[in-house]
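Student: Sequence first, then the predicted structure, then my questions.
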Amino acid sequence: MLACAKSCANLLFGPVLAFAGTKPMRPVAATDPKPLPSTIVRDDEGALVQAAKSGDLAAFEELVNRYERRIFRLTMHITQNREDAEDATQDAFLKSFKNLEGFEGGSRFYTWLVRIAVNEALMRLRKRRPNVVSLDEPIEAEEDLIPKQIKDWGPTPEQRFANSELNSILSNAISELEPAYRTVFLLRDTEQLSTEETAKMLGISEAAVKSRLLRARLKLRQKLGRVLERSATA
Amino acid sequence: MNCRGVIRELSEYLNGDLDRATLSDLEVHLARCEDCRLVVDTTRKTIEIFCKAEPVPLPEDVRGRLHKALFQRINGKPS
């Protein structure tokens, strides 16, 4: 893939442009290139990061191509605002590039990128709606946790819905969650960060992460249940 | 353990983080409580559905703006 990224660069990139820093850089795409068919973490991530560190912008662009969907979905879920999500995604990639020298490789590049993107998204969420959005946990009684709808869901959603339709159902369910629950669920379950990492990133205790995760999971279960039970009996 | 106890321990159970004694209590309850089995099963499915969902491609306009702005800024040009 690295070789592909490098060879594709010849086709995608225009004349050599001066980089703002001191290190001479390879040509950079200034316009929208064709997306490379890559969206998931693969074994060559380390090689791409090393190449990007040494100034290979084609390698960095391959990392952008690979993770832009997931990072945009994450920032969109957190901010619930398309403009903020675009800005947060752009700044997350830019900051990751500018700080690549300091990236030790102790964690995966994608995990590191997620941390940056979450910070960018949370900053915009707080800025846009400081009086409405609180990352403090809503006060809810334990009674609220007890599931009220208990039915089997039937066939798996993947068998019943197209990918875009399923994504829309999931996005709606996430958007209805309170921000305090939403962010914990996204970090812990969809991005697979540890309880400790999530607590540090959000500035809350590990006990709070666990409590919020439980509530988020149960609320999402209830929301998905409404759709899945309905479509199973339709 | 009763149904409330199962709900309280649900996340840790699904994470595989329960100690042996609590796990045993919970599984004894699950063996005889269909409602709790359904709640555990559908909560597990909820997590799996979110984890497995592939993100849809970025809309072309969003992707175009991202790449243009990003690489202009990397090159030190105003976006």
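Tutor: Here it is on my side, so go on.

Student: tally of neighbours for residue 74?
Tutor: No chain in the question, so chain A it is. Residues lying near residue A:74 (other C-beta atoms under 10 Å in any protein chain shown) number 26. For every residue, glycine as well, the C-beta is placed using N, CA and C.

Student: Please refer instead to chain B.
Tutor: 23.

Student: these two touch, right, it and residue A:57?
Tutor: Yes: look at residue B:74 against residue A:57 with C-beta atoms under 8 Å: they come within range, at 7.2 Å.

Student: Touching, residue A:202 and residue A:209? I think so.
Tutor: Yes: between residue A:202 and residue A:209 there is a contact under C-beta under 8 Å: 7.4 Å.

Student: Which secondary structure element is home to residue A:71?
Tutor: helix A:57-79 (DSSP states H and E).

Student: What about residue B:8, how many residues nearby?
Tutor: By other C-beta under 10 Å, neighbour count at residue B:8 equals 17.

Student: Quickly find the element holding it.
Tutor: Per DSSP H and E, the secondary structure element for residue B:8 is helix B:3-15.

Student: Buried residues of the following helix or strand past that helix, list them for me.
Tutor: As assigned by DSSP H and E, the chain's next helix or strand after helix B:3-15 is helix B:20-32. Buried residues in helix B:20-32, counted by 16 or more other C-beta atoms under 10 Å in any protein chain shown: B:22, B:25-26, B:29-30.

Student: before we move on, what about stretch B:55-69?
Tutor: So for stretch B:55-69, counting by 16+ other C-beta under 10 Å, buried means B:55, B:58, B:62-63, B:65-69.

Student: sec struct for the closest residue to chain A within chain B, please.
Tutor: The nearest approach of chain B to chain A comes at residue B:76, 3.3 Å away (C-beta to the nearest C-beta). Under DSSP: H, G, I helix; E, B strand; the rest coil, the three-state class of residue B:76 is coil.

Student: burial measure for it, as a count.
Tutor: If you count neighbours by other C-beta under 10 Å, residue B:76 ends up with 11.

Student: quick revisit: let me have the helix holding residue A:71 in PDB, keeping just the CA atoms, if that works.
Tutor: Output of helix A:57-79 as PDB, limited to C-alpha atoms (Å, rounded to 0.1, in the frame of the first residue of the first chain):
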ATOM      1  CA  LEU A  57       3.000  13.600   2.000                       C
ATOM      2  CA  ALA A  58       1.600  10.800  -0.200                       C
ATOM      3  CA  ALA A  59       1.900   8.500   2.800                       C
ATOM      4  CA  PHE A  60       0.100  11.100   5.000                       C
ATOM      5  CA  GLU A  61      -2.600  11.500   2.400                       C
ATOM      6  CA  GLU A  62      -3.100   7.800   2.400                       C
ATOM      7  CA  LEU A  63      -3.700   8.000   6.200                       C
ATOM      8  CA  VAL A  64      -6.200  10.800   5.600                       C
ATOM      9  CA  ASN A  65      -8.000   8.700   2.900                       C
ATOM     10  CA  ARG A  66      -8.000   5.700   5.200                       C
ATOM     11  CA  TYR A  67      -9.500   7.400   8.300                       C
ATOM     12  CA  GLU A  68     -11.400  10.400   7.100                       C
ATOM     13  CA  ARG A  69     -14.800   8.600   7.100                       C
ATOM     14  CA  ARG A  70     -14.400   7.300  10.600                       C
ATOM     15  CA  ILE A  71     -13.100  10.600  12.000                       C
ATOM     16  CA  PHE A  72     -15.800  12.600  10.300                       C
ATOM     17  CA  ARG A  73     -18.500  10.300  11.600                       C
ATOM     18  CA  LEU A  74     -17.000  10.600  15.100                       C
ATOM     19  CA  THR A  75     -16.900  14.400  15.000                       C
ATOM     20  CA  MET A  76     -20.300  14.500  13.500                       C
ATOM     21  CA  HIS A  77     -21.700  12.300  16.300                       C
ATOM     22  CA  ILE A  78     -20.100  14.400  19.000                       C
ATOM     23  CA  THR A  79     -20.900  17.900  17.600                       C
END
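
Student: and stretch A:198-215, does that touch chain B?
Tutor: Yes: using C-beta under 8 Å from any C-beta of the partner chain, stretch A:198-215 reaches chain B at A:210, A:213-214.

Student: Just say helix, strand or coil for residue B:61.
Tutor: Residue B:61 - assigned by three-state DSSP - is helix.

Student: Could you check the pLDDT of it?
Tutor: Here the pLDDT value assigned to residue B:61 is 88.

Student: helices or strands up against the longest helix seen in chain A?
Tutor: Across chain A, the longest stretch assigned as helix under DSSP state H is helix A:206-233. In terms of contacts (3 or more C-beta pairs under 8 Å, 6 or more residues apart in numbering or on different chains; DSSP states H and E), helix A:206-233 is packed against helix A:157-160, helix A:163-175, helix A:179-185, helix A:195-202, helix B:3-15, helix B:34-52.
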